[in-house]
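[1] Just to be clear, the model below is a prediction. Sequence and coordinates:
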Amino acid sequence: MTRSLKKGPFVDDHLMKKVEAMNRERDKKVIKTWSRRSTIIPEMVGHTLAVHNGRKFVPVYISENMVGHKLGEFALTRTFKGHSGKKVEKVVTPTRAPGAPGAPPPAGTPTPKA
């Protein structure tokens, strides 16, 4: 369910203050934040935010098409290493014993011309 429009987007106060201060100073430093729940607003466009993913800070450059999304969407918390691959087994073709004398040759084998 989406957030009510009358409430507006949620942005942590400490993050909002840092972004507004950087916009006033026209500064482009990286801002470290643990607030993955904050919504990206137009004032953040052009800044780089280092969003914590639980282990380290992931730098996220904010562009216009990210507005309205949450910061946590761009700092993945899980690394998928892939499922275990199927083991490639050598296919052993059984060697055929020679047929009985006078028996027709197996299908697919060339017949000698006399």
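    Nice, I can see it. Numbers count the residues shown, from 1 in each chain.

[2] which residues sit in contact with the residue positioned nearest the centre of the chain?
    The residue lying closest to the centre of the chain (C-alpha atoms, centre = their mean) is Leu76, at 7.1 Å. The contact partners of Leu76, taken as C-beta atoms under 8 Å, 6 or more residues apart in numbering, are Asn53, Val58. Any C-beta I mention is one placed from the backbone N, CA and C, and that applies to glycine too.

[3] so it, which of the three states?
    coil (DSSP: H, G, I helix; E, B strand; the rest coil).

[4] ok, which stretches of the protein are helices?
    For the chain, the helices defined by DSSP state H occupy 13-25.

[5] now the strands for it?
    31-33, 48-52, 57-61 (DSSP state E).

[6] mind listing what's buried in the first one?
    Spelled out, it's strand 31-33. Buried residues in strand 31-33, counted by 16 or more other C-beta atoms under 10 Å: Ile31, Thr33.

[7] Now do the same for that strand: mean pLDDT, whole number.
    Per-residue pLDDT over strand 31-33 has a mean of 97.

[8] Show me what it is packed against.
    helix 13-25, strand 48-52 (3 or more C-beta pairs under 8 Å, 6 or more residues apart in numbering; DSSP states H and E).

[9] The same query, at a cut-off of 10 Å, please.
    Secondary-structure packing of strand 31-33 (3 or more C-beta pairs under 10 Å, 6 or more residues apart in numbering; DSSP states H and E): helix 13-25, strand 48-52, strand 57-61.

[10] now do the last one
    Packing contacts for strand 57-61, counted by 3+ C-beta pairs under 10 Å, 6+ apart, involve strand 31-33, strand 48-52.
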